[in-house]
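Asker: dropping the sequence and predicted coords here.
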Amino acid sequence: MATRTEVTERPSQDVRKQEVQRAREPEAVLRPPVDIFEDGDGLTLIADMPGVSRDRLNVRIERDSLVVEGDMQFEVPEQMKALHADIRSTHYERRFVLSKELDADSINATLTDGVLTVRIPTRAELKPRRIEVSV
């Protein structure tokens, strides 16, 4: 019987150690997939962030970087209990270094159905312009 007690206690101690270790580890961060398009007027960044609402989204400039963060929220009905989850983290984060050619003061962002679209225009003084020649 002493052997049986030792066998049943060891796994539970190992499980407790793993749970404590997981609680101490920082939460993993999801990197949303992003498409970036460039045209003559600037850049358009499109990020897939399903489950993120406008009030849980944070788009900001830090020095020379664009930071996109969001927390996803999904509802589990009260009668149900999750037995398994493929998604361990609910926090999205991406950082992009901005070129000096871009106008960080004129950035525009929209969120529609979990898709974030950020428009970053080129600085006006750097855009190509046509010069009229008088005769």
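Answerer: Alright, I've got the coordinates.
Asker: thought G70 was touching R54?
Answerer: No - between G70 and R54 there is no contact under CB atoms under 8 Å: 9.5 Å. Heads up, the C-betas are built off the backbone N, CA and C, glycines and all.
Asker: higher neighbour count, those two?
Answerer: The residue with more neighbours, out of G70 and R54, is G70; 26 against 11, by other CB atoms under 10 Å.
Asker: what segments of the chain are strands?
Answerer: Per DSSP state E, the chain carries strands over the ranges 34-39, 42-48, 52-62, 65-72, 91-97, 108-112, 115-121.
Asker: now do the third one: which elements does it pack against?
Answerer: Okay, so that is strand 52-62. strand 65-72, strand 108-112, strand 115-121 (3 or more CB pairs under 8 Å, 6 or more residues apart in numbering; DSSP states H and E).
Asker: so can I have TSV of those strands showing mean pLDDT and distance to I46?
Answerer: What follows is the helices and strands packed on strand 52-62, written out as TSV (pLDDT from 0 to 100; distance: least, CB to CB, whole Å):
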stretch	mean pLDDT	distance to I46
strand 65-72	92	11
strand 108-112	95	10
strand 115-121	95	5
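Asker: mind checking which of the ones you listed is nearest Y92?
Answerer: strand 65-72 (4.6 Å; CB to CB).
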